[in-house]
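K.L.:
sequence unknown, structure follows:
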């Protein structure tokens, strides 16, 4: 017999895993001797009232043991099998590759960036020396942008795929089992690289190929179908199916496709700043007291406000995190957030961004499918031009920003390349600045104490999602115009985040497999 039991435990009790059985017996009518096993189904912080509790849902096995599932051989050696080519080694590309191997098809991945061990060196130089490698940075390289930007696995795409199987794949490759039941699953930047390396080793073990420092530079299209690709301007490969999983920051791919006459369309996205507070302040706000239980995890928040019919919302909130430089080209400033598995930084940060629609009048003449991409790029370059120093980011205290006052000093920040006090309203478009100002005041009504000069705003948070969609057929995942071209992941404009990109990669691979088998 199976039964679900819900418990609300103190933070201290939540850490006593060896006592979970006793807590279950104490709070239910189930006899201890009848319980043969139990599994955690869900875990979440319940901060709606004091004292803050940790919510658990358990699956209890009464008078029976869990069935032992036979180990299935999911992968087969594909060294000499039919080939499919994948551009991009992020979650969409990696999970597509795993799906192809399961189906007996050999995936060949081309990744413009470097493998993780080499990528780490470039990221260290970016942080300390401000030296940006255009093809190896926080966005480009093995594992994609998610590898060094936190590893948050929350998604709303549960109807599009088996999220649990994706989480299990991460666990099978070294992630904590807690991601299987945590309400806000998170691997951490210190752990995720090892997980990605393990996935790479699985792909190679079963005959797949991964080529690093291999940038897609041309696509040959004949009779409305992809025939071949060119890597690094020198190596040409005939292709039967091209899975395009390049991520939302590969602008050169959008320009290449546009030049080739491939149909694209602009897609709404969001742009703003990254707001950083002391984590202690966010804890005291969210846990409703200054003397909160220190065994509680660093508090998170999610905020949204409508300002003049336009959404302003928090994005990629990183408790106990740091802000990192995420530019992918010279002469631009982009910031993002990340945190390690312990989330033990003294800072909390989140993107606070403003919705940008495809029909917005953005004040410049350019139009067409790439006009939002050009707008995004122009703001990032303006941030760089305004401060005249590589990767030093424009910043302002939150209250000063709202009051239109230059900050005479700036609080400590986790952003390693450094910040410079500037009037952000001179950098951001007026409609974004006005929306942010009104939203910050409104947010304080939802989180008393959030609107404070202890918070620093750093510009610009601009890579929330792709501003371009590579339009595809909803069922076949094939581009609506070009056959054999299968866009997926964040770069396609149909996914956002690690998990939804993995789902999209799997679904795209299944569509390709179905086409091969038909």
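P.N.:
Here it is on my side, so go on. Because the structure is predicted, anything quoted here is derived from the model rather than measured.

K.L.:
would you map the strands across the stretch 401-518 of the chain?
P.N.:
Assigned by DSSP state E, counting those that start in this stretch, the strands in the stretch 401-518 of the chain fall at 419-421, 456-461, 468-469, 485-487.

K.L.:
which residues sit against the second one?
P.N.:
Meaning strand 456-461. Contact with strand 456-461 is made by 271-276, 315, 323, 333-336, 351-353, 379-380, 383, 393-398, 401, 410-411, 413, 415, 419, 424, 427-428, as judged by CB atoms under 8 Å, 6 or more residues apart in numbering. All C-beta atoms are positioned from the backbone trio N, CA, C, and that covers glycine.

K.L.:
thinking again about what came up before, now mean neighbour count, mean pLDDT and distance to residue 96 too, for the strands of the stretch 401-518 of the chain, in CSV please.
P.N.:
Below are these laid out as CSV (neighbours: other CB atoms under 10 Å; pLDDT from 0 to 100; distance: least, CB to CB, whole Å):
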stretch, mean neighbour count, mean pLDDT, distance to residue 96
strand 419-421, 18, 96, 39
strand 456-461, 27, 97, 28
strand 468-469, 24, 98, 19
strand 485-487, 27, 98, 9
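
K.L.:
now the ones you listed in CSV, with distance to residue 512?
P.N.:
Listed next are these as CSV, based on distance: least, CB to CB, whole Å:
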stretch, distance to residue 512
strand 419-421, 45
strand 456-461, 34
strand 468-469, 20
strand 485-487, 6
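
K.L.:
tell me which residues in the longest helix along the chain are buried?
P.N.:
If you go by DSSP state H, the chain has its longest helix at helix 498-517. For helix 498-517, burial by neighbour count (16 or more other CB atoms under 10 Å) applies to 498-513, 515.

K.L.:
tell me which other helices or strands that helix touches.
P.N.:
If contacts are counted by 3 or more CB pairs under 8 Å, 6 or more residues apart in numbering; DSSP states H and E, helix 498-517 sits against helix 91-102, helix 163-172, strand 242-244, strand 485-487.

K.L.:
quick one, which of the contacts of strand 456-461 are buried?
P.N.:
So, by 16+ other CB under 10 Å, the buried ones in these are 271-276, 315, 323, 333-336, 351-353, 379-380, 383, 393-398, 401, 410-411, 413, 415, 419, 424, 427-428.

K.L.:
next step: the residues you listed restricted to helices.
P.N.:
Reading helices off the buried ones among the contacts of strand 456-461 with DSSP H, I get 379-380, 383, 398, 401.

K.L.:
quickly name whichever of the residues you listed is closest to residue 168.
P.N.:
Within those, the smallest distance to residue 168 is 37.4 Å, found for residue 380 (CB to CB).

K.L.:
next up, the contacts around the residue nearest to that closest one when sequence neighbours are not counted.
P.N.:
Excluding the flanking residues, the one nearest residue 380 by CB to CB, 6 or more residues apart in numbering is residue 332, at 3.8 Å. Going by CB under 8 Å, 6+ apart, residue 332 touches 377, 380-381, 383-384.

K.L.:
one step back: mean confidence for the longest helix of the chain?
P.N.:
What helix 498-517 shows for mean pLDDT is 94.

K.L.:
and it, how far from the chain's centre?
P.N.:
19 Å (CA atoms, centre = their mean, to the nearest Å).

K.L.:
repeat for stretch 373-381
P.N.:
Taking mean C-alpha positions (CA atoms, centre = their mean), stretch 373-381 and its chain are 21 Å apart.

K.L.:
for that stretch, which residues meet the burial criterion?
P.N.:
Applying 16+ other CB under 10 Å to stretch 373-381 flags 373, 375-381 as buried.

K.L.:
which residues of the stretch 251-400 of the chain fall in strands?
P.N.:
265-266, 269-278, 304-307, 310-318, 322-325, 335-338, 347-356, 393-397.

K.L.:
check contacts around residue 8.
P.N.:
Per CB under 8 Å, 6+ apart, neighbours of residue 8: 46, 53-56.

K.L.:
pretty sure it is in a strand, no?
P.N.:
Yes. Under DSSP: H, G, I helix; E, B strand; the rest coil, residue 8 sits within a strand.

K.L.:
across the sheet, point out what pairs with it.
P.N.:
Taking DSSP bridges as the rule, residue 8 bridges to residue 55.

K.L.:
just residue 351 next, same as before
P.N.:
Applying DSSP bridges, one finds that residue 351 bridges with residue 274, residue 315.

K.L.:
in contact with it, which residues?
P.N.:
272-275, 314-316, 336-337, 461, 464.

K.L.:
redo the residues you listed as a markdown table? Include distance to residue 112.
P.N.:
Below are the contacts of residue 351 laid out as a markdown table (distance: CB to CB, whole Å):
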| residue | distance to residue 112 |
| --- | --- |
| 272 | 28 |
| 273 | 28 |
| 274 | 26 |
| 275 | 31 |
| 314 | 31 |
| 315 | 25 |
| 316 | 23 |
| 336 | 19 |
| 337 | 24 |
| 461 | 23 |
| 464 | 22 |
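
K.L.:
picking that back up, just the buried residues of stretch 373-381 now: which is nearest residue 102?
P.N.:
residue 373 (35.0 Å).

K.L.:
surely the closest one and residue 469 touch.
P.N.:
No. With contact defined as CB atoms under 8 Å, residue 373 and residue 469 do not form a contacting pair (10.9 Å).

K.L.:
quick check: neighbours shared by these two?
P.N.:
Common contacts of residue 373 and residue 469 (CB under 8 Å, 6+ apart): residue 266.

K.L.:
nearest to residue 64 among the strands of the stretch 251-400 of the chain would be which one?
P.N.:
strand 310-318 (41.3 Å).

K.L.:
just want the angle from the closest one to strand 456-461.
P.N.:
For strand 310-318 against strand 456-461, the angle by axes from the mean of the first three to the mean of the last three CA atoms, to 10 degrees is 110 degrees.

K.L.:
residues in contact with strand 310-318?
P.N.:
149-150, 152, 270, 272, 300-306, 336-339, 343, 348-355, 357, 431, 435-436, 438-439, 461, 464.

K.L.:
quick check: angle from that strand to strand 347-356?
P.N.:
150 degrees.

K.L.:
going forward, the N-terminal residue is numbered 323.
P.N.:
Got it, first residue is 323 now, which makes that one strand 632-640.

K.L.:
and strand 632-640, how far out from the chain middle?
P.N.:
With CA atoms, centre = their mean, you get 13 Å for strand 632-640.

K.L.:
circling back: and the buried residues of stretch 695-703, which two are furthest apart?
P.N.:
695 and 703 (12.6 Å).

K.L.:
and the longest strand anywhere in the chain, what does it pack onto?
P.N.:
Longest strand in the chain, counting residues (DSSP state E): strand 357-368. In terms of contacts (3+ CB pairs under 8 Å, 6+ apart), strand 357-368 is packed against helix 342-348, strand 375-384.

K.L.:
what about 6 Å?
P.N.:
strand 375-384 (3 or more CB pairs under 6 Å, 6 or more residues apart in numbering; DSSP states H and E).

K.L.:
elements contacting the strand it packs on?
P.N.:
Looks like strand 375-384 contacts strand 324-331, strand 357-368 (3+ CB pairs under 6 Å, 6+ apart).
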